[in-house]
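**Student:** Sharing a sequence plus its predicted fold:
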Amino acid sequence: MTIQKRIVIAALAVSVFAGSLFAQTPPAGSPVALHGQLSVKNGHIVDKNGEPFQMKGMSFFWSTSSWPGARFYTAGVVNWLADDWKVDVVRAAMNPDDKGSWETVVNAAIAKGLYVIIDWHSHKATQQQSAAVTFFTTQSNTYKNTPNVIYELYNEPCPSGKQGGQCLGEDWATIKTYAQAVTNAIRNNDKNNLIVIGSPDFSKRVDMAAQNPVSGDNLVYSVHYYTAEPGTQHQATLRGQCAQALSKGQALLVTEFGLSEADGGIEHPQKIDTDEANVWFDFLDENQIGWVNWSIVDKNEAASALTGGASATGNWSDGNLSASGRFIRNKLRLYASSAYSLTTSKVGEGTVAKSPDKSTYNLGVPVTVTATPASGWKFAGFEGGLTPPTNDKSPAVISMKANVSMKAVFEESSLINQNSTITTGITPWSSNNSTSVALSQDNFQLKVVVSGSGAAVSDLRVTQGGIKLEKGRKYTLMFSARGQSAMSVTPRITNSVSTRDYMGNTPEALTTTMKTITREFVSDTTIANAVLRFDCGGVAATWYLDDVKLLPGSATAVIQRAVAAQKTMWSISDIGGALQLRGPIEAGSSVSLYDTRGKAVKSIAAKDGLTLNTLGVPAGSYFVVVKNRAGADVYRSRVSFVR
């Protein structure tokens, strides 16, 4: 009885000591101090602040005592990886049949403030379920208050068609049964720490797992790949499977990848593929998926991070690193030390916000930029930071790889929303008499050929319907037009049967130079299907229409009218494939042609009547921007070229 009491008391003393050890405060500035308790939210691993956390680090080699990786299971190596390689996480690849010194790595990682993965490093875990349940029950009780710890239940289940040796050839249903049992055992003690689950085909078939996931909270599916493996199953095919899992709301973590072939580089110890690795890094950054590289060992294998004779306590020189180790160390240090800025600006009226809103960002961090137009304005696109076709989308996500400057372009909203700039053929513009008035698209302008001479002006017209007007609101109609010879057209806004005229019917004289015309009116009624029409009968003629806008007045009506008035003083016309700019340009101004990425294609000193030669400019959409001598935008217009 006395002996039993002493044993119980001793056991309790050890338990209390262990509890105090593993609940220790992480060092200031360490990954765990910064990010704290991890969890899963909306299909991503997030930190204590609810922000996505992309951990990055190194995996140890098999813990097997007689194997060459065992000697690196030391606190010195953990500390060196933290201090010199700048890792967030290490992985103890524990062989269930020969556990080795895995606990040394775990305890050192906790003391250093790193995250640490306790990995059941097996290819036959479903035959070890009882042992796995017992092991993870013990560890989850020990580390339940230690946010550093992550449990990985099954390193690499073999494909269902591969059996023999270490492989059982399990399908997902078998793996899931095992994973659910071990997950339940862990959650009986530890409700919070992440649990990582393997999938068929060496933890590549995350798409299968996502179709029928394990039940529980804060669960993550592991992804394994080797970039130099022939074929696509470790490359594009696997990224597609990852995308499917993400679309199902499942969180992913790359707990093992190598730059070698899938055997770790045994057969080809010099073969690595860093190009494919960088493709993967881009994908992981974009989706905020963390990664752990295989592995800390000095075997003559391509995936080994070290060369023969490297110290078992760290403090490695460049000569102690393999090609793989050198590449990964440099990548880790770059991720940790990079500090890129993202600055935003705008043209027009609206707001630009970024999330997260920080002064600097590390390499690969995705930043969401949202452009919100003010009332009476619309978002036209971003300049800089993005490449087409995503430059006209808001919100936009930027993966930080350099300093980025983004400008949101806001344009005044128009009630003429359908093909107002004649970029998609002629629809929905129409004529009331297709025999006498023929419409076509000509260099992104609406070409109108009137052949019905002798008819009244109002008998032949170009129209677009479905326009909404509100009683008492002021509107501004703007359009650009020119004639092939001198002529006139009459812009009008009427009801659908032409018995009411809301704007008046004053003719507008056209010349052979494209000019911008403005009309203002106050609607005396509310109507949902008014018609914009350009009456052009009376004489056979050809004329051109472009950039039609109907701007509603609002709280910013004064500003809009000022802008509209300014625009009436400017015009751009196409002269033999060149652009002619007319307007009140002050000394020291410049005019530039920008592509949709914000890159200046051409830039010259501005003057009234200048011709901007577009010879050699590829087909596509561009912005013509005039800046005054202070560098402020005073005029902007979108143009398109067809070659």
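**Tutor:** Right, received. Where do you want to start?
**Student:** What pLDDT is listed against the closest residue to Lys299 other than its chain neighbours?
**Tutor:** In space, and not counting its chain neighbours, Lys299 is closest to Pro68: 5.3 Å by CB to CB, 6 or more residues apart in numbering. (C-beta placed from N, C-alpha, C; glycine too.) With respect to pLDDT, Pro68 scores 96.
**Student:** so where's the longest strand in this protein?
**Tutor:** When the chain is parsed with DSSP state E, its longest strand is strand 541-552.
**Student:** so for it, what's the average pLDDT?
**Tutor:** 89.
**Student:** Extract the C-alpha trace of that strand and format it as PDB.
**Tutor:** Output of strand 541-552 as PDB, limited to C-alpha atoms (Å, rounded to 0.1, in the frame of the first residue of the first chain):
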ATOM      1  CA  ALA A 541     -25.000  61.300 -95.300                       C
ATOM      2  CA  THR A 542     -22.600  59.200 -93.300                       C
ATOM      3  CA  TRP A 543     -21.800  60.000 -89.700                       C
ATOM      4  CA  TYR A 544     -20.100  58.300 -86.600                       C
ATOM      5  CA  LEU A 545     -21.200  58.000 -83.000                       C
ATOM      6  CA  ASP A 546     -19.100  57.000 -80.000                       C
ATOM      7  CA  ASP A 547     -18.800  57.200 -76.100                       C
ATOM      8  CA  VAL A 548     -22.500  57.900 -75.300                       C
ATOM      9  CA  LYS A 549     -23.300  58.600 -71.700                       C
ATOM     10  CA  LEU A 550     -26.400  59.700 -69.900                       C
ATOM     11  CA  LEU A 551     -25.300  60.800 -66.400                       C
ATOM     12  CA  PRO A 552     -27.900  61.200 -63.600                       C
END
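**Student:** For Leu612, see how far away the residue nearest the centre of the chain is.
**Tutor:** Geometric centre of the chain, nearest residue: Val397, 3.6 Å, by CA atoms, centre = their mean. Note on Val397: its distance to Leu612, by CB to CB, to the nearest Å, is 34 Å.
**Student:** ok, the residue nearest to the centre of the chain touching Val365?
**Tutor:** No: applying CB atoms under 8 Å, one finds Val397 not in contact with Val365, separated by 10.5 Å.
**Student:** Now do the contacts for the closest residue in space to Phe60 that isn't next to it in sequence.
**Tutor:** Nearest non-adjacent residue to Phe60, counting by CB to CB, 6+ apart: Ile296, 5.0 Å away. Neighbour list for Ile296: 58-61, 69, 72, 77, 81, 305-306 [criterion: CB atoms under 8 Å, 6 or more residues apart in numbering].
**Student:** So which of these sit within strands?
**Tutor:** Per DSSP E, the subset of these in strands is 58-60.
**Student:** buried residues in stretch 521-539?
**Tutor:** 521, 523, 527, 530-538 (16 or more other CB atoms under 10 Å).
**Student:** before we move on, what about stretch 472-486?
**Tutor:** 474-483.
**Student:** Looks like Ile467 contacts Lys549 (just checking).
**Tutor:** No: judged on CB under 8 Å, Ile467 makes no contact with Lys549 at a distance of 11.8 Å.
**Student:** Pick out whichever of those two has more residues nearby.
**Tutor:** Lys549 (22 against 18; other CB atoms under 10 Å).
**Student:** how near is that one to Thr476?
**Tutor:** 8 Å.
**Student:** what number of residues lie near Gly364?
**Tutor:** 21.
**Student:** list the contacts for it?
**Tutor:** 54, 281, 284-285, 335, 399-401.
**Student:** repeat that with 6 Å
**Tutor:** Residues in contact with Gly364 (CB atoms under 6 Å, 6 or more residues apart in numbering) are 285, 399.
**Student:** which SS state does it fall under?
**Tutor:** Secondary structure state of Gly364, per DSSP: H, G, I helix; E, B strand; the rest coil, is coil.
**Student:** pLDDT score assigned to it?
**Tutor:** pLDDT, Gly364: 89.
**Student:** on that earlier part again, possible to save the contacts of Ile296 as JSON lines with neighbour count and distance to Arg329?
**Tutor:** Below are the contacts of Ile296 laid out as JSON lines (neighbours: other CB atoms under 10 Å; distance: CB to CB, whole Å):
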{"residue": "Met58", "neighbour count": "23", "distance to Arg329": "9"}
{"residue": "Ser59", "neighbour count": "26", "distance to Arg329": "14"}
{"residue": "Phe60", "neighbour count": "30", "distance to Arg329": "15"}
{"residue": "Phe61", "neighbour count": "26", "distance to Arg329": "16"}
{"residue": "Gly69", "neighbour count": "22", "distance to Arg329": "18"}
{"residue": "Phe72", "neighbour count": "26", "distance to Arg329": "15"}
{"residue": "Val77", "neighbour count": "26", "distance to Arg329": "13"}
{"residue": "Leu81", "neighbour count": "27", "distance to Arg329": "9"}
{"residue": "Ala305", "neighbour count": "30", "distance to Arg329": "8"}
{"residue": "Leu306", "neighbour count": "24", "distance to Arg329": "11"}
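**Student:** Could you single out the nearest of the residues you listed to Ala312?
**Tutor:** Phe72 (5.6 Å; CB to CB).
**Student:** and the gap between the closest one and Tyr340?
**Tutor:** On the measure of CB to CB, Phe72 and Tyr340 end up 34 Å apart.
**Student:** Would you reformat the buried residues of stretch 472-486 as TSV and include pLDDT and distance to Gly29?
**Tutor:** Below are those laid out as TSV (pLDDT from 0 to 100; distance: CB to CB, whole Å):
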residue	pLDDT	distance to Gly29
Lys474	85	59
Tyr475	85	60
Thr476	85	58
Leu477	89	61
Met478	88	58
Phe479	91	61
Ser480	91	60
Ala481	93	65
Arg482	94	66
Gly483	95	72
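**Student:** Can you tell me which of those residues is closest to Glu152?
**Tutor:** Using CB to CB, these come closest to Glu152 at Met478, 63.2 Å.
**Student:** Glu520 is in contact with that closest one, correct?
**Tutor:** No: counting by CB atoms under 6 Å, Glu520 is not a contact partner of Met478; they are 9.8 Å apart.
**Student:** Which stretches in the stretch 501-643 of the chain count as helices?
**Tutor:** With helices called from DSSP state H, counting those that start in this stretch, the stretch 501-643 of the chain shows them at 557-568.
**Student:** Let me see the ranges of the strands in it.
**Tutor:** Here the stretch 501-643 of the chain has its strands, by DSSP state E, counting those that start in this stretch, at 508-510, 515-522, 527-535, 541-552, 571-575, 578-582, 590-595, 600-605, 610-612, 620-627, 633-641.
**Student:** so which of these gets nearest Leu259?
**Tutor:** Using CB to CB, the strands of the stretch 501-643 of the chain put strand 590-595 closest to Leu259, at 36.2 Å.
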